[in-house]
Each structure stands twice: as C-alpha cells, then as structure tokens.
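**Q** Here is the input, now give the coordinates:
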Amino acid sequence: MDVIRGQFIQNQHCFISNHCIVTFLLIGFGFISCTEIFISDSLLPENVKVVSTDYELYDRRSLVFSSEIDSWPEKFPSSLSGRKLYRFEDLNSKSGIVEGEYKIDHGRYIVIRLADDTLVKVPKEVFLVITDFTDANRDR
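**A** Numbers count the residues shown, from 1 in each chain. Down below sits the predicted model:
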C-alpha cells in the first residue's frame, strides 16, 4: 500500500510542476502580446513602406521646413514613435532628406531624416504645405 501511495504522490507532484510551467508560459505570452512595441526615433521600421500612386515619389529628395508660421496647419509633425510633437519653432529652417512614405499608427506619413539623424514623420496631407525642396535640378 505504501508503494501505491508513494507513486500517487510522485505523479501528483509531476502534474503540479507541469501545470505550473504551463501557467507561467501562458502568463508570459499574455504579457508579451499585451505590451506595446517600442518604436525607435532613429531607426526606420521594416515592412511598412508604402508607395502611393497619387503623386510622384519624393524619396531621397532634400528639403527644408518652411519658415512661414502661417503655413503650418493643425496636424504637426512628430517623432517617429509619436512621443514628441514638433512645433514651428522646433523645425524652422531645418533641413533633411525624405526617406519615404510609411504607414504608421493607421496613418500615412512622409518620414524625413534630419541632419542630426533624427527621424520626423510628417502627415501626408500637410507634407507639401510645410516643406520646400532644395534640390537644384528638380522642381516641385
């Protein structure tokens, strides 16, 4: 009888330890799936580039942000992660290079790399309003 009771206790211990492992795995996967994905302000995200057919491509074009405060609309540029909004005073006369059009946070943005390697996302609707191209061989 002692042998059967010993096997029962041993089997019960294995069941409890397996159950704990499965529980911890489920909690871990649940935590990972519920956390937000960190977006860097200096690295471009992969697989989100969009090529729009309704206007020409501006990739690799040099530009400068407009120096006219009246031309700045309600939708402000922001950092790639969205943690920082840029106002007129922050970007006035700063230059950069267009990296491309991206779909980020359910919106389309033109991503610009500034001279200090910071990435700025500008809403597609206001891109041409607040920027001026500085390419000598291309016109708007």
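**Q** would you say E89 is within a helix?
**A** Yes: E89: assigned to a helix according to DSSP: H, G, I helix; E, B strand; the rest coil.
**Q** Distance of it relative to F76?
**A** Separation of E89 from F76 (CB to CB, to the nearest Å) stands at 11 Å. Heads up, the C-betas are built off the backbone N, CA and C, glycines and all.
**Q** ok, now E101?
**A** The value you get for E101 to F76, if CB to CB is used, is 18 Å.
**Q** Compare those two (neighbour count), which wins?
**A** E101 (20 against 16; other CB atoms under 10 Å).
**Q** bridging residues for the more buried one?
**A** I110 (DSSP bridges).
**Q** separation between it and V111?
**A** Distance, E101 to V111, using CB to CB: 8 Å.
**Q** How is this protein partitioned into domains?
**A** Residue ranges for the domains of the chain, per automatic domain parsing: 1-35, 62-133.
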